[in-house]
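> Got a sequence here, can you build the structure:
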Amino acid sequence: MPNDSDNYESVVKTERTETVAAFVDNRKGFMHNLQHLLHVNPALVPLFVLVASIAVFGLLLGSTFFSPFALTLILQQVQIVGIVAAAQSLIILTAGIDLSVGAIAVLSSVIMGQFTFRYGIPVEAAIVIGLAFGTLIGTINGWLVAVMKLPPFIVTLGMWQIVLAANFLYSANETIRSQDIEADAPLLQFLGTTFKVGADANGSGGATFTYGVIAMILIFAVLTYVLSQTAWGRHVYAVGDDPEAAQLSGVNVRYTLISVYAVTGFICAIAGWALIGRIGSVSPTSGQLLNIESITAVVIGGISLFGGRGSILGPLFGALIVGVFTLGLRLAGADAQWTYLLIGALIIGAVTVDQWIRRVSA
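Numbers count the residues shown, from 1 in each chain. Reported below is the predicted structural model:
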């Protein structure tokens, strides 16, 4: 027969066990809830990093960094990378990658310029042809991936080389000067045109924007709606998460992939048009790092390289983070290599966080 002492020890052990169990469950519950929150809202991490970086540089540099000119300058500097990152995001959401985005953008800009000045085609038609050509290249990429079942990395690596070579061969490595464009085809520079918001009567002060910045914001706004509110957007996520399951669910995987690559090519062509406005000329040597810079913005923006997860707003925040670090360190007088060091750390950190978040669904 158990005595009172045994009963007392049994009760104490039970209470201790329940207390420890409750403590462990609470900790697990908090981490699980945090993972779930970031899993459902993947753009929160890059948004937090963006706000924190702005706050840090604001405290260090004061009004120099927080001036309307400096903050809008960041938008102007990242507009091309931001547009290309929006295109790259669609590919990565399908668990692919596109190394040809920068080359497509540059070749599209060269076609717009050459058709205008070499063939005398109206500038409006030349721009449409450039946009169509970018879309065509993207469609070819999509066909090779979806129908021929070739790896996206290999397809776009080969297309990058082909388009890059075609770019130099077609343009004969000649640059169309800014003065010629301003005189005969100013519409080519339209997306680089600036306008002020909040300026005084003398036109000074206020924030300076370009139409390229507006185009970037509109592209992200449209993609946000399409990916979250349309069947096509849900199919993009489904194909990236599990293409076989998506096919069994009735999703036309081939059509979805081809359309994603086609839209990517079209957006890259818009980036090519904006590139003319940004640098003022049509140069076959411009935008050589756009593919790497776009992938950087996407990864920092929290879109999973494994596909099927991420917010399209994340790459916008990622591009802005790079812009904030670049301008902030430049204003602080730091060596430019610190920018690459910090961005590299952010890339590794973003992938680490992505791996941690993915465990919530494991």
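
> Mind telling me which residue is nearest the centre of this structure?
For the chain, the residue sitting closest to the mean C-alpha position, by C-alpha atoms, centre = their mean, is Ala85 at 2.8 Å.

> in what helix or strand does it lie?
helix 68-93 (DSSP states H and E).

> what's the angle between the next helix or strand after that helix and helix 68-93?
Next along the chain after helix 68-93, taking DSSP H and E as the criterion, comes helix 101-117. Interaxial angle, helix 101-117 versus helix 68-93 (axes from the mean of the first three to the mean of the last three C-alpha atoms, to 10 degrees): 110 degrees.

> roughly how far is helix 101-117 from the heart of the chain?
Offset of helix 101-117 from its chain centre (C-alpha atoms, centre = their mean, to the nearest Å): 21 Å.

> repeat for stretch 249-256
24 Å.

> Okay, helices next: where are they in the stretch 251-362 of the chain?
Here the stretch 251-362 of the chain has its helices, by DSSP state H, counting those that start in this stretch, at 253-279, 290-300, 313-331, 337-358.

> Just give me the lowest mean pLDDT stretch among those helices.
Within those, confidence is poorest for helix 337-358, with a mean of 86 (mean pLDDT).

> Might you list the low-confidence residue ranges for the stretch 1-150 of the chain?
Applying pLDDT under 70 to the stretch 1-150 of the chain flags the ranges 1-29, 31, 39.

> Next, format the helices of the stretch 251-362 of the chain as a markdown table and append distance to Trp232 and mean neighbour count.
Placement of C-beta: from N, CA and C, glycine included. A markdown table is the format used below for these (distance: least, C-beta to C-beta, whole Å; neighbours: other C-beta atoms under 10 Å):
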| stretch | distance to Trp232 | mean neighbour count |
| --- | --- | --- |
| helix 253-279 | 7 | 25 |
| helix 290-300 | 20 | 25 |
| helix 313-331 | 18 | 24 |
| helix 337-358 | 24 | 15 |
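
> quick one on the thing from earlier: and the residue nearest to the centre of the chain, what does it touch?
Residues counted as contacts of Ala85 (C-beta atoms under 8 Å, 6 or more residues apart in numbering) are 293-294, 297-298, 301, 315-316, 318-319.

> tell me the two of those that are most distant?
Glu293 and Leu316 (13.6 Å; C-beta to C-beta).

> Run a quick neighbour tally on Arg177.
Neighbour count of Arg177, defined by other C-beta atoms under 10 Å: 14.

> and if you look at Ser63?
A count of nearby residues for Ser63, using other C-beta under 10 Å, gives 8.

> Check Ala165 too.
With other C-beta under 10 Å as criterion, Ala165 counts 11.

> quick one: it from Val101, how far?
Using C-beta to C-beta, to the nearest Å, Ala165 is found at 16 Å from Val101.

> same question, Thr72
Taking C-beta to C-beta, one finds Thr72 at 25 Å from Val101.

> Test my guess that Leu188 contacts Val123.
Yes: look at Leu188 against Val123 with C-beta atoms under 8 Å: they come within range, at 6.1 Å.

> ok, residues contacting stretch 243-252?
Applying C-beta under 8 Å, 6+ apart, the set of residues contacting stretch 243-252 is 95, 235, 238-239, 253, 256.
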